[in-house]
Structure formats: structure tokens, C-alpha cells
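1. With the sequence up front, the predicted model follows.
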Amino acid sequence: MELSGLELLFQSLPQLAKGLTQTLLIAFYSIVISTIGGILFGALQTIRILWLNLLTRFYLELFRSLPILVWLFFVYFGIPLFFDVHLSSFACAVLVLSLWGITEIGEVARGAFQSIARGQSDAGRSIGLSTFQLYRYILFPQAIRRMIPPSINVYTRIIKTTSLTVLIGVTDVVKVGQQIIERTGEAVMIYGSLFFFYFILCYPLSVLSRKLEKRMT
């Protein structure tokens, strides 16, 4: 007896759940690393040291100039070829999304730091605060609040970009969906469920970002 599309979907839910778990893990690790690294990267961009500014600009342009898909292929196939280091597709996905996310969060952090009145930095230096103390006690507490809404937007982009990792063999929710479609031929229900999963993950974050932005302005 041939199953209907809805019945096939219900039977496939455990597999889709495993793929969704993989997607969420990649997104979670990438977001955590991007946030920590991005705040540091943003702070480094605001320090007026020529060689440091050139280095951060070079790193930023590397990820602005090349698509994420190119980076995924380069890391997955290039690192084993040039450095004889073999990373799993999961590790490659987290690495690339984290490196890219650092540039995105870094730009958010840079803007937040630079939006703080310069007089506060001057006041901190006048009482003898070091650069580290200045960022820790004066700049960072104010910048982190301003970073929250735009950072949430970056997080939604990271979640959506995880779908590209299927091309290097990551068994995420998109890959599982493709496997189910190849086996059953039921595309409408499966792709509809993928649409639903990503919508449920990203839409609440977008709404939260807009509400926080309105509240802070």
C-alpha cells in the first residue's frame, strides 16, 4: 500500500530530527566562537596601530571577497592537500562559519565601540586606565548592549548558511531531506518541512532583533 505524502513525512521525522540536531550544533558552536572572536576582532580594529589595522583589514577582506561556499571547499579539500591535516566535514563547517562569523560580529562590535563618545575614552585615560582596563570597564559594557540587535541578525544568517555545508558532506537537515526525497520521491512535503524548520529557527530571532532595536532607540 502506497503511503501518502503526510504519512511519509511523519515516518521521516526521526531522520529529519537527527539532521536538525546536526544543523543546530553547527550553528551553536559557530555562534559562540563568532561572538567571542568577533568582539575581540572588533576591539582590535579600533586600536590605532598601523600593522594591526592592516592585519585586521586583510582578514576582513578575505572573507568579504570570497563566497562562503568557496571557503568551505578550500578548507575541506585544501587543508588536507597542503598541510596533511584531515578535518571532518562537521569540523570544517564550524571552522569556516566561525571565521566568517567573526568578521560579521567584528564589524558590529567595531561600530558599537566607535559609537561611544570619545570623551569617555579620554576621561578613562586621564585617570590612568590602561587600554585593557579602558575596554573592560568603560567601552565593553556600553558596546555589548548596542551590539545585541545587529548580532542577532548575524546569528540568523549563520543558521541559514549552515545549509551550504551539505555540499561538503555534512549530514544536516538539508542533506537528510535530500536523502529522503531520493528514496521516496516525495519532495513537496519534505521541502515544506525544511522551510518550516528554518522559519521556526530564524523568524523569532528576527522579531526579537527588531523589538530590541526599537526599545534601544
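-> The structure has been received and is ready for your questions. Keep in mind that what you see is a predicted model, and the values were worked out from it rather than measured. Numbering: from 1, shown residues only.
2. So, low pLDDT: which residues of this protein?
-> Along the chain, segments meeting pLDDT under 70 span 1-12, 217.
3. for the residue nearest the centre of it, what are its contacts?
-> Nearest residue to the geometric centre of the chain (Cα atoms, centre = their mean): Ile158, 3.4 Å. Ile158 makes contacts with 27, 30-31, 34, 97, 101, as judged by Cβ atoms under 8 Å, 6 or more residues apart in numbering. (C-beta placed from N, C-alpha, C; glycine too.)
4. Pick out whichever of those residues sits closest to Gly185.
-> Nearest to Gly185 among those, counting by Cβ to Cβ, is Ala27 at 29.5 Å.
5. what packs against the top helix by length along the chain?
-> In the chain, taking DSSP state H as the definition, the longest helix is helix 5-46. Helices and strands touching helix 5-46, by 3 or more Cβ pairs under 8 Å, 6 or more residues apart in numbering; DSSP states H and E, are helix 50-65, helix 89-114, helix 140-161, helix 173-184, helix 187-216.
6. and the end-to-end length of stretch 110-126?
-> End-to-end distance for stretch 110-126: 23 Å, by Cα to Cα, to the nearest Å.
7. That one: how far from the chain's middle?
-> Per Cα atoms, centre = their mean, to the nearest Å, the displacement of stretch 110-126 from the mean C-alpha position of its chain is 27 Å.
8. Flag every buried residue along it.
-> For stretch 110-126, a neighbour-count test (16 or more other Cβ atoms under 10 Å) marks 110-113, 116, 121, 124 as buried.
9. what residues does that stretch touch?
-> Counting contacts by Cβ under 8 Å, 6+ apart, the residues touching stretch 110-126 from outside are 42-43, 45-46, 133-134, 137-139, 142-144, 146-147, 150.
10. hang on, the earlier thing: among the buried residues of stretch 110-126, which one sits closest to Arg215?
-> Nearest to Arg215 among those: Ala112, at 16.1 Å, using Cβ to Cβ.
11. so the longest helix of the chain versus helix 173-184, what angle?
-> Relative orientation of helix 5-46 and helix 173-184, computed by axes from the mean of the first three to the mean of the last three Cα atoms, to 10 degrees: 160 degrees.
12. Distance from the chain centre to helix 5-46, please.
-> In this view, helix 5-46 has its centroid 8 Å away from the chain centroid, taken as Cα atoms, centre = their mean.
13. quick one: it to helix 50-65, angle?
-> Helix 5-46 and helix 50-65 are oriented at 160 degrees to each other (the same axes, to 10 degrees).
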